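**Q** 3D model of this:
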Amino acid sequence: MKFLSYILSSIFALVFFSLLLIFHPLQWIGLKLFGQKGHQNVVDIMNWFLIKSLLILGIRVKVENKHDLPENTTLIFVANHQSTFDIPPIIWYFRKHYPKFVSKKELGKGIPSISFNLKHGGAALIDRKDSRQALTELAGFSKRINKNKWSAAIFPEGTRSRTGKPKSFSVNGLKMITKYNPEAYIVPLTINNSWKVFKYGKFPLGLGSPIKIKTHQPIKIDSLPFDELITNVETTIKESIE
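**A** Numbering: from 1, shown residues only. Next up, the predicted model:
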């Protein structure tokens, strides 16, 4: 199986990075000719292709959503974090809510398509070593999503879990976002099996384990005191991790 993984991982890497190179200029064209909406449409399509490229590894993405997510308002998608491949499904399956990510500053340069999207698509790029910059950036991000009726996507663990075992949530980012979006809803998401793509390390990649994302009941931010709200969200997410 591992021998097969080397072969399929090589093919996948070629396809994956080719997609990033192809969609980089397409994002630029979308932004320059059609503005924010044009850029977002290109990003959505790119992430559909990135999800489908996982089929090379025998990996399907399954999103379970049994809830009616509020529309025409800001949602804050809060999820556990297992790998890079947590992100494309959130962008694609929840695209009508325009999720914008809180990301580390380093990803804002040097990566075709991904860096362009983070810099021009409305994301927050925070410096983990500079708390003042991080708070200022999060405040601007929080106001931006409120103004545009976009949504936020945040991984409060900070870094991905390499074994699937969840880490403790850091609440500072969430506190800032909820402060400027008191009328919004938090949508807890539980991600399973994404870590298995990297169970051997960066190469070769793991084969065949479906990535599952489960959506939980949206919670209105002003319905609970902040500490109780975050405890509720963290417990809900972690209870569904396999």
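**Q** ok, longest strand in this structure?
**A** Longest strand in the chain, counting residues (DSSP state E): strand 185-192.
**Q** dump that strand to PDB, restricted to CA.
**A** The C-alpha coordinates for strand 185-192 follow below in PDB (Å, rounded to 0.1, in the frame of the first residue of the first chain):
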ATOM      1  CA  TYR A 185     -24.000  33.000  14.600                       C
ATOM      2  CA  ILE A 186     -21.300  30.600  15.500                       C
ATOM      3  CA  VAL A 187     -21.400  27.400  13.400                       C
ATOM      4  CA  PRO A 188     -19.400  24.600  15.100                       C
ATOM      5  CA  LEU A 189     -17.700  22.200  12.600                       C
ATOM      6  CA  THR A 190     -16.100  18.900  13.400                       C
ATOM      7  CA  ILE A 191     -13.500  17.600  11.000                       C
ATOM      8  CA  ASN A 192     -12.500  13.900  11.000                       C
END
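**Q** could you tell me how far it lies from the centre of the chain?
**A** The chain centroid and the centroid of strand 185-192 are separated by 11 Å, computed with CA atoms, centre = their mean, to the nearest Å.
**Q** also stretch 221-241?
**A** 19 Å.
**Q** find the centremost residue of this protein, please.
**A** Residue closest to the average C-alpha location in the chain (CA atoms, centre = their mean): residue 87, at 3.5 Å.
**Q** residues contacting the residue lying closest to it once chain neighbours are set aside?
**A** Spatial nearest neighbour of residue 87, excluding adjacent residues (CB to CB, 6 or more residues apart in numbering): residue 101 at 6.9 Å. Any C-beta I mention is one placed from the backbone N, CA and C, and that applies to glycine too. Taking CB atoms under 8 Å, 6 or more residues apart in numbering, we find residue 101 in contact with 87, 118, 123, 124, 152, 153, 154.
**Q** now, those that are in helices?
**A** 87, 118 (DSSP state H).
**Q** would you turn the contacts of residue 101 into a markdown table with pLDDT?
**A** Formatted as a markdown table, the contacts of residue 101 follow (pLDDT from 0 to 100):
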| residue | pLDDT |
| --- | --- |
| 87 | 95 |
| 118 | 94 |
| 123 | 94 |
| 124 | 91 |
| 152 | 94 |
| 153 | 95 |
| 154 | 93 |
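**Q** in JSON lines, list the contacts of residue 101 along with distance to residue 64.
**A** Shown next, in JSON lines, are the contacts of residue 101 (distance: CB to CB, whole Å):
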{"residue": "87", "distance to residue 64": "18"}
{"residue": "118", "distance to residue 64": "28"}
{"residue": "123", "distance to residue 64": "26"}
{"residue": "124", "distance to residue 64": "27"}
{"residue": "152", "distance to residue 64": "21"}
{"residue": "153", "distance to residue 64": "17"}
{"residue": "154", "distance to residue 64": "20"}
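**Q** in terms of distance to residue 26, which of the contacts of residue 101 ranks first?
**A** residue 118 (16.0 Å; CB to CB).
**Q** hmm, the closest one is touching residue 106, no?
**A** No - at 10.2 Å, residue 118 and residue 106 do not qualify as touching, with contact defined as CB atoms under 8 Å.
**Q** compare these two (neighbour count), which wins?
**A** The neighbour count for residue 118 versus residue 106, taken as other CB atoms under 10 Å, is higher for residue 118 (21 against 12).
**Q** still on that earlier bit, neighbour-wise, which one of the contacts of residue 101 leads?
**A** When neighbours are counted by other CB under 10 Å, residue 152 leads the contacts of residue 101 with 31 neighbours.
**Q** across the sheet, point out what pairs with that one.
**A** Beta bridges link residue 152 to residue 76, residue 100 when assigned by DSSP bridges.
**Q** ranges for the strands of this structure?
**A** 61-64, 75-79, 99-104, 124-126, 151-154, 185-192, 211-215, 219-220.
**Q** identify all contacting residues around the fifth one.
**A** When contacts are taken as CB under 8 Å, 6+ apart, the neighbours of strand 151-154 outside the stretch itself are 74-79, 87, 90, 94, 97-102, 141-142, 145, 173-174, 177, 181.
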